[in-house]
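1. give me a 3D structure for the following:
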Amino acid sequence: MSRFSCFIQEGSTAAASTDALEQRLQAHHADHFDGESSTVAFVVAPTGYMFTEGKQSSSSVIACATAHTTTRPERETYMRGICDLWSEVTGCTGHEIVVSVPEAV
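-> From the prediction side, this is the model:
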C-alpha cells in the first residue's frame, strides 16, 4: 500500500477541501496502479510557518511513497495526474504544487 503525505497551509483552499482531495488522490492512485489502495495524511502548517519569497506561501507539497518501479513516461503521467486533480479541486496553479513520488522498492 502506498501513502500520500500532503503538506498544506492553514486557511487555504486545500485545507478546506481535504475530503475531496483524499478521494481524488486515492482514485487516481488506484487507476494508475491496478486498483491498489492508498492512504492520505494531511499536515497543516499554521499561518506564518511557510513562506515563498518572503510572503505567506500558497504552495502545497504532495508526496507519495510507493513500492512500484515505473518508467519515466508512467511516472510523468502519474505525477501530472496528481497536479491536475489538485488544481481542479483547489484552483492552485502548477507553480503552487510540489509533487514527489519516491519509489521505495
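2. name the residues of stretch 46-54 that are buried.
-> By neighbour count on 16 or more other CB atoms under 10 Å, the buried set for stretch 46-54 is residue 50. The C-beta positions use only the backbone N, C-alpha and C, and glycine is treated the same way.
3. which residues does that stretch contact?
-> For stretch 46-54, contacts defined as CB atoms under 8 Å, 6 or more residues apart in numbering pick out 7, 9-11, 56-59.
4. can you check stretch 34-41 too?
-> For stretch 34-41, contacts defined as CB under 8 Å, 6+ apart pick out 1-6, 21-22, 25-26, 29-30, 64.
5. one more time with 7 Å, if that's ok
-> 1-6, 22, 25-26, 29-30 (CB atoms under 7 Å, 6 or more residues apart in numbering).
6. tell me which element the residue nearest in space to the middle of the chain falls in.
-> Nearest to the mean C-alpha position of the chain, by CA atoms, centre = their mean, lies residue 62 at 3.0 Å. Element membership of residue 62 [criterion: DSSP states H and E] is strand 60-65.
7. now do the buried residues in that strand.
-> Applying 16+ other CB under 10 Å to strand 60-65 flags 60-62, 64 as buried.
8. can you put those in TSV and add distance to residue 43 and pLDDT?
-> TSV is the format used below for those (distance: CB to CB, whole Å; pLDDT from 0 to 100):
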residue	distance to residue 43	pLDDT
60	10	95
61	9	96
62	11	98
64	14	95
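9. from the contacts of stretch 46-54, which land in strands?
-> Among the contacts of stretch 46-54, DSSP state E puts 7, 9, 56 in strands.
10. kindly state the pLDDT recorded for the first one?
-> Read it as residue 7. As predicted, residue 7 sits at a pLDDT of 96.
11. my guess is it contacts residue 45. True?
-> Yes - the criterion here is CB atoms under 7 Å, and residue 7 meets it with residue 45 at 6.4 Å.
12. right, I'll leave it there.
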